[in-house]
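Trainee: With the input below, show me the fold.
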Amino acid sequence: MNKTVQVSLIGIFGAIVALISLTLSNYLSFYPLTYLKFDPAEIIVILSLLLFGPYVAIGIAFIHFILLNIPTPYPIIGPGMKFLAIISTIVGIYLGLTLFKFKKTLYMILFALILALIIRNVVMTIANYALFITIFAGFLPDAEAMLTKAIGLPGSLFLILVFTSIYNSIHVLIAVLPAYYIAKLPQVIKLTNRITIPWILAKIKRT
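Mentor: The predicted model follows:
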C-alpha cells in the first residue's frame, strides 16, 4: 500500500472520527469519574489498525488529537492524554499480533487484547499520577469528592487511579471488540481487498 493511499485513508477515516468526536463523545461519561468520557471514535481508529495497519491508525489518532483541542477547556493536556491512551492500545495490539505465533487465531486475538489492556493501563496510570501531583493537583479534591459521593468511602489518589484503570479497561473492550467484529465481516474484507490485504489477516496468515 503506497503513501498516497495511506494519506487518503487517513483523511477518510479522520473525517469519520471527527464527526463522532464532536458529537457522541461528549455524552458518554464514566461513573463516578464523570470527567472521563467513552469515545466511540476509538472504534474507528482500531478498525483502521486491523484493516490497514499501524501507520494509518496512528495518522488517524493524530487527527483525532488535533480535533479534540477545538472544544476542550484543557487544550493539549486532555487531548494529549487521549492520544496517549489510543497509541498505547495500538502498540498493545500491534505487539500482540506480531511478537508471538499461536496455532489458533483466537489465542492471538486474546493475547493482543490482554497486551493492549496491560500496556494502556500501565501507561495511563503513570500519566494520570504525574498529572495529579503536578498540573492537576488543584483538581484532585474535586475528583476525590466524586468518589466519596459515589461509593461512600474517603476519596484518594489511589482510588482515582484504580477507577481510572477500570475505565481504561472498559474502553479497550469497547474499542477493540466491535472493531474486530467489523473487520471480520465478509463485506468489509471484500472491500478492503480492493486496496490491500486486511492487516490483521496478513498477521494471522503468518502463523
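
Trainee: Could you find the closest non-adjacent residue to Ile133?
Mentor: If the residues on either side of it in the chain are set aside, Ile133 comes closest to Leu157, at 7.8 Å by C-beta to C-beta, 6 or more residues apart in numbering. In short, each C-beta sits where N, CA and C put it, glycine included.

Trainee: Surely the one you found touches Ala130?
Mentor: No. Applying C-beta atoms under 8 Å as the test, Leu157 and Ala130 come out as separate, 11.4 Å apart.

Trainee: Compare neighbour counts for those two and give me the winner.
Mentor: Neighbours per residue, other C-beta atoms under 10 Å: of Leu157 and Ala130, the larger number sits with Leu157, 15 against 11.

Trainee: most centrally placed residue in this structure?
Mentor: Centroid check for the chain by C-alpha atoms, centre = their mean gives Ile86 as the closest residue, at 3.4 Å.

Trainee: Is it correct that that residue falls within a helix?
Mentor: Yes. Under DSSP: H, G, I helix; E, B strand; the rest coil, Ile86 falls within a helix.

Trainee: what's the distance between it and Ile114?
Mentor: 18 Å (C-beta to C-beta, to the nearest Å).

Trainee: And the lowest mean pLDDT element among the helices and strands of this protein?
Mentor: The least trusted helix or strand in the chain, going by mean pLDDT, DSSP states H and E, turns out to be helix 199-205, with a mean of 87.

Trainee: SS state for the residue lying closest to Thr164 once chain neighbours are set aside?
Mentor: Spatial nearest neighbour of Thr164, excluding adjacent residues (C-beta to C-beta, 6+ apart): Asn128 at 5.5 Å. Put simply, Asn128 is helix when judged by three-state DSSP.

Trainee: Give me the distance between Asn128 and Phe100.
Mentor: Taken as C-beta to C-beta, the span from Asn128 to Phe100 is 29 Å.

Trainee: do Gly138 as well
Mentor: 44 Å.

Trainee: Looking at those two, which is more packed in?
Mentor: Using other C-beta under 10 Å as the criterion, Gly138 and Phe100 rank with Phe100 on top: 13 against 8.

Trainee: Just to be sure, that one is in a strand?
Mentor: No. Counting by three-state DSSP, Phe100 is not found in a strand; it is coil.

Trainee: so His64 touches Ile86, yeah?
Mentor: Yes. His64 lies in contact with Ile86 (C-beta under 8 Å); the separation is 6.9 Å.

Trainee: between the two, what contacts are shared?
Mentor: Common contacts of His64 and Ile86, defined by C-beta atoms under 8 Å, 6 or more residues apart in numbering, comprise Val45.

Trainee: So, low pLDDT: which residues of the chain?
Mentor: 206-207 (pLDDT under 70).

Trainee: C-alpha coordinates for the least confident helix or strand of the chain, PDB please?
Mentor: Output in PDB follows, covering the C-alpha atoms of helix 199-205 (Å, rounded to 0.1, in the frame of the first residue of the first chain):
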ATOM      1  CA  TRP A 199      -3.600  -6.100   8.000                       C
ATOM      2  CA  ILE A 200      -5.000  -8.400  10.700                       C
ATOM      3  CA  LEU A 201      -5.400 -11.200   8.100                       C
ATOM      4  CA  ALA A 202      -1.900 -10.800   6.900                       C
ATOM      5  CA  LYS A 203      -0.700 -11.100  10.500                       C
ATOM      6  CA  ILE A 204      -2.800 -14.200  11.200                       C
ATOM      7  CA  LYS A 205      -1.800 -16.000   8.000                       C
END
